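>>> Take this sequence and fold it.
(chains A, B and C)
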Amino acid sequence: MNPFKNRHLLTCQEWSVEDIERVLDLASDLKQKARIGVTTDYLKNKTFFMLFYASSTRTRNSFEAAMTQLGGHAHFLNPKTMRAGDTGAPEEIADTAKVLSRYGHGIGIRIYFPEFGEGEKVIREYAKHATIPVISMESDVYHPCQALADLMTIREKFKETKRLKYVQAWAHSPNALRVSAVPNSNIQIMPRFGMDVTFVRPPEFKLHPDITNQARISAETGGGSYTETDYLEEALKDADVIYMRQHSTLDYGKHGPEKEQQIIDKYSDWTLTNDLMKLAKKRAVVMHCLPVDRDHEIASEVLDGPQSIIYDEAENRLHVQKAVLSLVM
Amino acid sequence: MNPFKNRHLLTCQEWSVEDIERVLDLASDLKQKARIGVTTDYLKNKTFFMLFYASSTRTRNSFEAAMTQLGGHAHFLNPKTMRAGDTGAPEEIADTAKVLSRYGHGIGIRIYFPEFGEGEKVIREYAKHATIPVISMESDVYHPCQALADLMTIREKFKETKRLKYVQAWAHSPNALRVSAVPNSNIQIMPRFGMDVTFVRPPEFKLHPDITNQARISAETGGGSYTETDYLEEALKDADVIYMRQHSTLDYGKHGPEKEQQIIDKYSDWTLTNDLMKLAKKRAVVMHCLPVDRDHEIASEVLDGPQSIIYDEAENRLHVQKAVLSLVM
Amino acid sequence: MNPFKNRHLLTCQEWSVEDIERVLDLASDLKQKARIGVTTDYLKNKTFFMLFYASSTRTRNSFEAAMTQLGGHAHFLNPKTMRAGDTGAPEEIADTAKVLSRYGHGIGIRIYFPEFGEGEKVIREYAKHATIPVISMESDVYHPCQALADLMTIREKFKETKRLKYVQAWAHSPNALRVSAVPNSNIQIMPRFGMDVTFVRPPEFKLHPDITNQARISAETGGGSYTETDYLEEALKDADVIYMRQHSTLDYGKHGPEKEQQIIDKYSDWTLTNDLMKLAKKRAVVMHCLPVDRDHEIASEVLDGPQSIIYDEAENRLHVQKAVLSLVM
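Have a look, this model is predicted:
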């Protein structure tokens, strides 16, 4: 009856464009209903387990509030206080996944490792053994709920996404060391909806070739395009959407934080300012998944200016997640 | 329609006597309904965020149970596991406040700092940027929900509050180092409801002059009175209500715990005993916001005796909070 | 009207066989209703407090999901972040118990101490002062909810429990140091339902004489039997139910982990393998309360084989707990 029932969401690449359209339709409907105060008890008395191997503000609060708005409840779980698989205690992931599958209706996991792909492996191990849907709440590789929220927000602003110039840009931050899950996910999803994606970063901050290959395939099948460049100003020219955010090098796990900092420091001018904004179209919007390192990644004048849509973007996390949870649980 | 909608509760001084009457009326009604098992789904599927920068038993459990009794849900949040403003991570309070405002319907905050007023500033920073109501769950300056619960409890016991002698007394405790939010709040609210407030403490334990000035103004406008004294026995004479509890000196942040302990030790006889109780009226009641340092602040014989109303007082936290949440969210 | 109302569940020994039958009947009904999606709002908007002095996966998640399925909510509480009785802070258990009794409808506690019986004492102190029901979520002495879930699972598999051979066996594990609450509870409850219980362990791993005496009394009154032996192979012969799990020596608190490890190492062949399974009846089932130390306590081939009922057993925790909570709260 419901083809979404029990489906995992680990990357949007495993969901079709049609599937994603259904999610976004439902998300818009749920957003409207929340505003006018219509009760949506779609998951009444159901349980969603949230395993946070890494910390969070938006993800935890948006998922927990999502379950409450749907009439259910989310457990905020720190695997260190459980006896889950990979924290030195004897319980294997397979056993934790099978037991949670008997108690509730969905599992969310956030996990990073210094080595690219290690956290993603843990999520896939849960998905292999769980008999209830597993939703990635961000690994070191993908952040599908952020990608869906970002796509939803762009559609709200522009309606038509075909031929929009979407710029995914690396940004300077002396404070943040961030996994590349957001740029990885977004350069893959946007071309599927017809956008022309430009990914701009210093040469040391290339993404994993598997990721960019997938972005190119997405462009071919989705009618958009994918280009990569080293030159920030060139990339920003005539942009409709600018998503500017720090991410770590692929070698971070090998060379460590000190060497990483030296590389980051070479690019201290990669900050999105009002001056740089003049290169983009007048109607351009500025995005960031938050938390943002103000005045390093993006200037406060831009973040608090009329082109910033960062809080709408954050809000849409809530609504796309309610849509996904309602469909799969 | 609802003039309480979206209002912050940071100190009761910012709410009128009439406002407070409405809160207490609703609190009594909610208390009765809870006892006879009437469902009160006033905040069905709504979310209240509780940010605990400091630990808690009563506040956390009474707010979380309050939201459950109203059909909603409270998130128990440790800012250290989030990336909230003032814990070294890059997210600013303004951003956290704005994002939470998109996900839920109210924010509660408990925060102390060694310097008087620093925690209060953080709460007011949240209130400035949040578009949903912010409720103080105790700062280093105010504890409005405790003050409301205490007032409610006194009214339950005496009906008429005019001309009651309310004694706020410092107490000895070698174990506790407590902020003065409770005496600060209570000496301000009680005179507004016609009580004659006596604040008694050793000379080193004076409250901040801004606080006592406000208490005097409250007395003038509310028909009660405010007096201060060094002499415990004199203060207790003919008391109707005795609220006896340790609080730190104003200089604690400057001179540190060792010097503080020396000062505390000078007043090791400031314990409320059955003997001292004889000075008060026969009908006098004994209050404490808990946790109490038994046999230091108040003797167990008094705490467990017939004049103690400490558990009723604790219970009323639940009901006044349900009332406030229902009105503002 | 409801004779279960407000009753504590600290050990099944304090509940009659008839009481336990009512729990299991309701648990089966709730299990069926959960499967077909019937709403069971039996504890709508009610609060259950879970105090975890020790960590947990199954217990926390099954109790929290249980409350959600019943329309209520469970607070996940770490006494270290509260100011509860025995963690060095000044609040006494009596006060915490009395205050929580004003805010909610039930209290669950998990607590172990190195010395046998110390944790159980804390739970009984809460039960003495609480005016709402207290449920043991496992102490160093008893784990009544596990015992009920295990009994329910055995009844599902065999229907008739009279004359079933139930073997409670110690198992080798170099990683786990476990309290004996599960064997203690299970050797007491199974004979009350007519089972023939054999408890097999190396001589150093005897249970407390008070526990085994109770098991013998249970056998006399319940129509089952209780035997103890040192010989694993002999015990497993013709078994219907095999429950094999590590537990610590009674002297562990005295002699410490190093000496304990030496004793454990003497019995490294106490692992349940397919070879050993041949001694049992063909229809025999294998149980473990989880987390299991795979290939030490029980071989993976057995755990993942057709005779293992470990996940059914884990699931039934949820349903018996919903039944107990519904009856007492």
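>>> Would you mark the buried spots in stretch A:147-157?
A:147-155, A:157 (16 or more other CB atoms under 10 Å in any protein chain shown). Any C-beta I mention is one placed from the backbone N, CA and C, and that applies to glycine too.
>>> which stretches of the stretch 101-250 of chain A form helices?
A:118-129, A:144-158, A:181-189, A:209-222, A:232-236 (DSSP state H, counting those that start in this stretch).
>>> tell me the domain ranges of chain A?
The record's domain split for chain A, according to automatic domain parsing, is A:12-142+A:315-328, A:149-311.
>>> Pick out the shakiest of these, pLDDT-wise.
Per-stretch mean pLDDT for these is lowest at domain A:12-142+A:315-328 (a mean of 92).
>>> and that one, how far out from the chain's middle?
13 Å (CA atoms, centre = their mean, to the nearest Å).
>>> so does that domain get close to chain B?
Yes - counting by CB under 8 Å from any CB of the partner chain, chain B is contacted by domain A:12-142+A:315-328 at A:39-41, A:52, A:55-58, A:60-62, A:64-65, A:68-71, A:73, A:76, A:78, A:315, A:318.
>>> what's the span of that domain from first residue to last?
14 Å (CA to CA, to the nearest Å).
>>> And stretch A:119-139, by the same measure?
Length of stretch A:119-139, first residue to last, CA to CA: 6 Å.
>>> and that stretch, does that touch chain C?
No - legend: contact between stretch A:119-139 and chain C by CB under 8 Å from any CB is lacking; minimum distance shown is 9.7 Å.
>>> on contacts alone, who are the packing partners of the helix or strand harbouring residue A:48?
In this structure, residue A:48 is located in strand A:47-52 according to DSSP states H and E. Packing partners of strand A:47-52 (3 or more CB pairs under 8 Å, 6 or more residues apart in numbering or on different chains; DSSP states H and E): helix A:58-69, strand A:73-77, helix A:93-103, strand A:106-110, helix C:58-69.
>>> Strand A:47-52 and the fourth one, what's the angle between them?
When axes from the mean of the first three to the mean of the last three CA atoms, to 10 degrees is applied, the directions of strand A:106-110 and strand A:47-52 differ by 10 degrees.
>>> now strand A:106-110 and strand A:73-77, what's the angle there?
40 degrees.
>>> The third one now?
Interaxial angle of helix A:93-103 relative to strand A:73-77 (the same axes, to 10 degrees): 150 degrees.
>>> Quick one: residues contacting residue A:322.
A:26-27, A:30, A:40, A:66, A:69-70 (CB atoms under 8 Å, 6 or more residues apart in numbering or on different chains).
>>> mind listing what the strand holding residue A:48 pairs with, with the direction of each?
Here strand A:47-52 has these sheet partners by DSSP bridges: strand A:73-77 (parallel), strand A:106-110 (parallel).
>>> got a list of contacts for the strand or helix carrying residue A:26?
Taking DSSP H and E as the definition, one finds residue A:26 inside helix A:17-36. Helix A:17-36 has contacts (CB under 8 Å, 6+ apart) with A:4, A:12, A:15, A:40, A:69, A:148, A:151-152, A:155, A:189, A:192-193, A:222, A:315-316, A:319-320, A:322-324, A:326-327.
>>> repeat that for 6 Å
A:40, A:152, A:192, A:319-320, A:322-324 (CB atoms under 6 Å, 6 or more residues apart in numbering or on different chains).
>>> now those residues in a markdown table, with secondary structure?
Below are these laid out as a markdown table (DSSP: H, G, I helix; E, B strand; the rest coil):
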| residue | secondary structure |
| --- | --- |
| A:40 | coil |
| A:152 | helix |
| A:192 | helix |
| A:319 | helix |
| A:320 | helix |
| A:322 | helix |
| A:323 | helix |
| A:324 | helix |
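>>> Which one of those sits in the busiest neighbourhood?
residue A:320 (29 neighbours; other CB atoms under 10 Å in any protein chain shown).
>>> Enumerate the residues of the stretch 101-250 of chain A near chain C.
A:102-104 (CB under 6 Å from any CB of the partner chain).
>>> One more pass at 10 Å, please.
With CB under 10 Å from any CB of the partner chain as the criterion, the stretch 101-250 of chain A meets chain C at residues A:101-105, A:131.
>>> thinking again about what came up before, buried stuff in the helix holding residue A:26?
So helix A:17-36, judged by 16+ other CB under 10 Å, has buried residues A:19-20, A:23-24, A:26-28, A:30-31, A:34.
>>> Reformat those into CSV and put distance to residue B:293 next to each item.
Converted to CSV, the buried residues of helix A:17-36 look like this (distance: CB to CB, whole Å):
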residue, distance to residue B:293
A:19, 60
A:20, 59
A:23, 55
A:24, 57
A:26, 54
A:27, 52
A:28, 55
A:30, 50
A:31, 50
A:34, 46
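>>> which one of these sits closest to residue A:205?
Closest approach between the buried residues of helix A:17-36 and residue A:205, by CB to CB: residue A:20, at 27.5 Å.
>>> follow-up on the earlier one: quick one: which of the contacts of residue A:322 is nearest to chain C?
residue A:70 (11.8 Å; CB to the nearest CB).
>>> phi, psi of the residue found closest to that closest one once you drop the neighbours it is linked to in the chain?
Take residue A:70 and drop its neighbours on the chain: the residue closest to it by CB to CB, 6 or more residues apart in numbering or on different chains is residue A:43, 4.0 Å away. With angles defined as degrees, to the nearest 10, residue A:43 sits at phi -130, psi 40.
>>> follow-up on the earlier one: just want the angle from the helix holding residue A:26 to helix A:181-189.
Using the same axes, to 10 degrees: helix A:17-36 against helix A:181-189 is 120 degrees.
>>> Now do helix A:17-36 against helix A:209-222: the angle between them, please.
90 degrees.
>>> how far away is the spatially closest residue to residue A:75 that is not a sequence neighbour from chain B?
Spatial nearest neighbour of residue A:75, chain neighbours left out: residue A:49 (5.1 Å); criterion: CB to CB, 6+ apart. Distance, residue A:49 to chain B, using CB to the nearest CB, to the nearest Å: 16 Å.
>>> Over to residue A:77?
On the measure of CB to the nearest CB, residue A:77 and chain B end up 12 Å apart.
>>> Let me know whether residue A:172 touches residue A:261 as I believe.
No - counting by CB atoms under 10 Å, residue A:172 stays clear of residue A:261, with 11.4 Å between them.
>>> Of these two, which one has the most company?
residue A:172 (20 against 11).
>>> tell me the contacts of the more buried one?
When contacts are counted by CB atoms under 10 Å, 6 or more residues apart in numbering or on different chains, residue A:172 touches A:202, A:244, A:246, A:264-272, A:293, A:296-297.
>>> what do you get if the cut-off is 8 Å, keeping everything else the same?
Here residue A:172 is in contact with A:246, A:264, A:267-271, A:296-297 (criterion: CB under 8 Å, 6+ apart).
>>> Without its sequence neighbours, what residue ends up closest to it?
According to CB to CB, 6+ apart, the nearest residue to residue A:172 is residue A:270 (4.1 Å).
>>> From residue A:22, how far off is the one you found?
37 Å (CB to CB, to the nearest Å).
>>> Same check on residue A:172?
On the measure of CB to CB, residue A:172 and residue A:22 end up 38 Å apart.
>>> before we move on, what about residue A:199?
Residue A:199 is 28 Å from residue A:22, by CB to CB.
>>> related to what we said a few turns ago, which two of the contacts of helix A:17-36 have the greatest separation?
Across those (CB to CB), the longest gap, 28.1 Å, separates A:40 and A:192.
>>> ok, residue A:298 - how many residues close by?
Residues near residue A:298, counting by other CB under 10 Å: 29.
>>> which residues touch it?
Residue A:298 touches A:171, A:244, A:271-272, A:286, A:288, A:292, counting by CB under 8 Å, 6+ apart.
>>> pretty sure residue A:110 is touching residue A:52, no?
Yes - using CB atoms under 8 Å, residue A:110 is in contact with residue A:52, at 5.2 Å.
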